[in-house]
Each structure stands twice: as structure tokens, then as C-alpha cells.
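Trainee: 3D model of this:
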Amino acid sequence: MFSTEYYCLVASLREWTLDSDTKNFDVREILDEILDELTANDTKAVKLLYAYYDCENVIALRNNRNRHNNLGNLTAEELKDVLENRNYSLLPTNVAAVVKLYNEADDEERDEDVVLDDNFEHAIFEAYYKDLAASKVRFLKRWGEFDRTLRNIAAAVAAREAGRVIRDVTVGGGEIVAQLAHSSAVDFGLRGELQYIDAVISAITDETNIVEKERKIDAVRWAEAEDIAINDYFDIDYILSYLVKVNIVARWTLLSPEVGREMLNKLIASLDASAIVEKQAKQ
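Mentor: From the prediction side, this is the model:
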């Protein structure tokens with residue numbers, strides 16, 4: 001299957017990004033501009049990436065928290081419709097199944113043989129990563145695997161330091177999750193398998209400044225987003241890599257304007273269309 005090449009769109013990304021000052025960095029505006037240019041299938045891919053924020057918003061809504069991340073695909077009203085009117089089709093397949101299961105847990109018709117995990121948050125994120133793994137888009141599959149692993153490592157290190165059971169804080173299964181749960185090694189015996197594990201462990205255990213800790217972890221995310229799409233230049237994988245970095249910039253404009261500006265400049269530097277074309281020609 002051939003992917004669509006977005007030459008004009010990629011050329012426009014630099015202009016849109018340059019127009020965005022860190023004090024008013026509007027990810028939603030950039031995202032909507034991009035969605036207007038994508039094919040139907042590629043639009044679904046972008047929306048699946050941002051469904052992570054829908055998961056966060058569903059969790060907040062179920063816990064009666066007055067908090068809604070506008071980066072989600074669904075508005076607060078649409079999410080209420082999902083829960084109240086059971087319009088689960090607005091969510092990704094596996095996420096929808098989990099939300100339905102928990103939302104209807106008190107129904108008399110519910111299958112009593114179905115045992116629910118006490119932790120809805122774990123269940124919905126495990127479902128989300130399953131949706132990413134099922135995607136035909138290479139970036140989403142690899143990003144989902146990486147993001148789940150990164151978050152699990154961070155959670156495992158924190159749990160180990162606090163004396164908590166590591167399996168209680170990790171999401172999903174697999175060899176790496178098992179290694180995190182059972183290994184007593186400082187690096188959980190994963191140094192040879194995950195090149196970024198030392199950076200993550202160091203950020204969590206050695207860094208007392210919370211802001212600097214988050215910056216170091218986001219640096220790992222940024223590097224991975226670039227690495228996944230290193231040989232992609234104008235397709236949906238490149239667009240998704242760009243959007244991951246845009247999300248990081250937006251987060252830091254709120255946490256630290258100085259770091260946000262630094263990351264924005266780094267993003268702009270990576271969007272030189274002529275350099276992208278030249279790099280592609282050398283392959």
C-alpha cells in the first residue's frame with residue numbers, strides 16, 4: 001500500500017510553527033490545519049494519536065474532576081454523550097470496549113462472569129495501546145510500544161523507590177513488563193535492549209528538580225519521535241512525528257517558557273523543507 005506524500009503540507013509546517021509564539025502556541029489550530037489536508041485514513045491515524053487525551057478526559061469525567069484537555073478529539077459535551085447515551089462508537093475500538101464495560105458495570109443485564117480490573121485507568125490505557133498496536137500506520141505501532149514502555153519504566157522506578165509492588169503500576173503485559181516486575185537489577189536487566197533506559201532511570205532517581213526531571217524524559221520522547229520517522233519525509237509518519245514534538249513544545253510553554261522557546265527553535269530548525277528534500281534525495 002502506497003502512502004500519500006504531503007509535499008505542500010510539510011512545506012507549510014515551518015511557516016505555521018514560525019507564526020506560533022511560545023506564549024500563544026496553539027496546538028489545536030496547527031492540528032486543525034493539518035487535518036484539513038489529510039486523506040480519510042491519515043486523519044484517522046492522527047485522531048488515534050490524540051485519543052490518548054480522550055482517555056485522560058474520560059478518566060477525569062468518571063472521577064468528577066473538572067478538567068478537560070482540549071487536545072482530545074472529543075469535546076467535554078461529546079464525552080458526556082459517550083457515557084450518558086452510550087455512544088461508544090466515538091472512541092477507538094478497544095478503548096470503546098473498556099469504557100462500555102465499566103460504564104455499564106451496574107447494569108442488571110451485565111455478564112456477571114466478567115471480572116473488572118479495579119483500576120479503570122490501567123484498563124483504558126492498556127486498551128489504547130492495543131489500538132495503537134493494531135494500527136496499520138508504522139509510526140503509531142512503534143510509538144505506542146515505546147510510549148507504553150517509557151511510562152512503565154518511569155512508574156516502575158518510582159514504585160521501587162517507594163516500596164510499592166511494581167506490577168500494580170505498569171500497563172499491559174509482555175517480556176519488558178515481566179522484567180520490570182521481577183528484576184532486581186538497577187536497570188531491570190534491560191540496558192542491552194533499551195538504549196534510553198539509563199537516561200530515564202537517571203532522570204527519575206538523580207534529578208531532584210521536578211521540572212528538569214520532566215525535561216529529560218521529554219528529551220527521550222523527542223529523540224524517539226525523530227528516530228521512528230528518520231527515513232520519512234512527506235508522509236503520515238513524518239506528520240505524526242512532527243505532532244508528537246508539537247505536543248511536547250506546547251506542554252513546555254506552560255511548564256517553562258524558556259524551555260518551551262528552546263524546544264520550539266529546535267522544532268523550527270527541523271522543518272527546513274529544502275534540507276528535507278536534499279536528505280531524501282541522498283537515500
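Trainee: what ranges do the helices span in this structure?
Mentor: Here the chain has its helices, by DSSP state H, at 7-18, 27-35, 40-62, 76-84, 93-103, 120-134, 138-162, 175-182, 197-206, 210-228, 236-255, 257-269, 273-281.
Trainee: Return the mean pLDDT over the longest one, rounded to an integer.
Mentor: Just to be clear, that refers to helix 138-162. Helix 138-162 shows a mean pLDDT of 96.
Trainee: If you count contacts, what does that helix end up packed against?
Mentor: Applying 3 or more Cβ pairs under 8 Å, 6 or more residues apart in numbering; DSSP states H and E, one finds that helix 138-162 makes contact with helix 40-62, helix 120-134, helix 175-182, helix 197-206, helix 210-228, helix 236-255. All C-beta spots, glycine's among them, are computed from the backbone N, C-alpha and C.
Trainee: same question, the second one
Mentor: In this structure, helix 27-35 packs against helix 7-18, helix 40-62, helix 236-255, with contacts taken as 3+ Cβ pairs under 8 Å, 6+ apart.
Trainee: Lowest average pLDDT across these?
Mentor: Among the helices and strands packed on helix 27-35, helix 7-18 carries the lowest mean pLDDT (a mean of 80).
Trainee: thinking again about what came up before, between the helices and strands packed on helix 27-35, which one is closest to residue 215.
Mentor: helix 236-255 (7.5 Å; Cβ to Cβ).
Trainee: Buried residues of the closest one, list them for me.
Mentor: 236-253 (16 or more other Cβ atoms under 10 Å).
Trainee: Please export the C-alpha coordinates of it as CSV.
Mentor: Below are the C-alpha coordinates for helix 236-255, written out as CSV (Å, rounded to 0.1, in the frame of the first residue of the first chain):
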residue,chain,number,x,y,z
ILE,A,236,1.9,10.4,7.5
ASP,A,237,4.7,9.0,9.6
TYR,A,238,6.6,12.3,9.3
ILE,A,239,3.4,14.3,10.2
LEU,A,240,2.8,12.2,13.3
SER,A,241,6.4,12.6,14.4
TYR,A,242,6.0,16.4,14.0
LEU,A,243,2.8,16.4,16.0
VAL,A,244,4.4,14.4,18.9
LYS,A,245,7.1,17.2,19.0
VAL,A,246,4.4,19.9,18.8
ASN,A,247,2.7,18.4,21.8
ILE,A,248,5.9,18.5,23.8
VAL,A,249,6.6,22.1,22.8
ALA,A,250,3.0,23.0,23.9
ARG,A,251,3.4,21.3,27.2
TRP,A,252,6.7,23.2,27.9
THR,A,253,5.3,26.6,27.0
LEU,A,254,3.1,26.1,30.1
LEU,A,255,5.7,24.5,32.4
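Trainee: could you give the angle of it to helix 210-228?
Mentor: Counting by axes from the mean of the first three to the mean of the last three Cα atoms, to 10 degrees, helix 236-255 points 170 degrees away from the direction of helix 210-228.
Trainee: what's the offset of helix 236-255 from the middle of its chain?
Mentor: Mean C-alpha position of helix 236-255 versus that of the full chain (Cα atoms, centre = their mean, to the nearest Å) differs by 10 Å.
Trainee: what's the angle between that helix and helix 7-18?
Mentor: 10 degrees.
Trainee: Check which helices and strands helix 236-255 sits against.
Mentor: helix 7-18, helix 27-35, helix 40-62, helix 138-162, helix 210-228, helix 257-269.
Trainee: any idea which of the helices of the chain is most buried?
Mentor: helix 236-255 (a mean of 21; mean count of other Cβ atoms under 10 Å).
Trainee: how far off helix 27-35 does that helix point, in degrees?
Mentor: 170 degrees.
Trainee: picking that back up, I'd like to know which of the helices and strands packed on helix 236-255 is closest to residue 105.
Mentor: helix 40-62 (11.1 Å).
Trainee: Any stretches of the stretch 101-250 of the chain with poor pLDDT?
Mentor: 106-118 (pLDDT under 70).
Trainee: okay, the helices and strands packed on helix 27-35 in a markdown table with distance to residue 207 next?
Mentor: Formatted as a markdown table, the helices and strands packed on helix 27-35 follow (distance: least, Cβ to Cβ, whole Å):
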| stretch | distance to residue 207 |
| --- | --- |
| helix 7-18 | 29 |
| helix 40-62 | 24 |
| helix 236-255 | 14 |
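Trainee: Out of these, which is closest to residue 213?
Mentor: helix 236-255 (11.2 Å).
Trainee: before we move on, back to that, using a markdown table, lay out the helices and strands packed on helix 138-162 together with distance to residue 268.
Mentor: Shown next, in a markdown table, are the helices and strands packed on helix 138-162 (distance: least, Cβ to Cβ, whole Å):
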| stretch | distance to residue 268 |
| --- | --- |
| helix 40-62 | 21 |
| helix 120-134 | 28 |
| helix 175-182 | 35 |
| helix 197-206 | 24 |
| helix 210-228 | 14 |
| helix 236-255 | 10 |
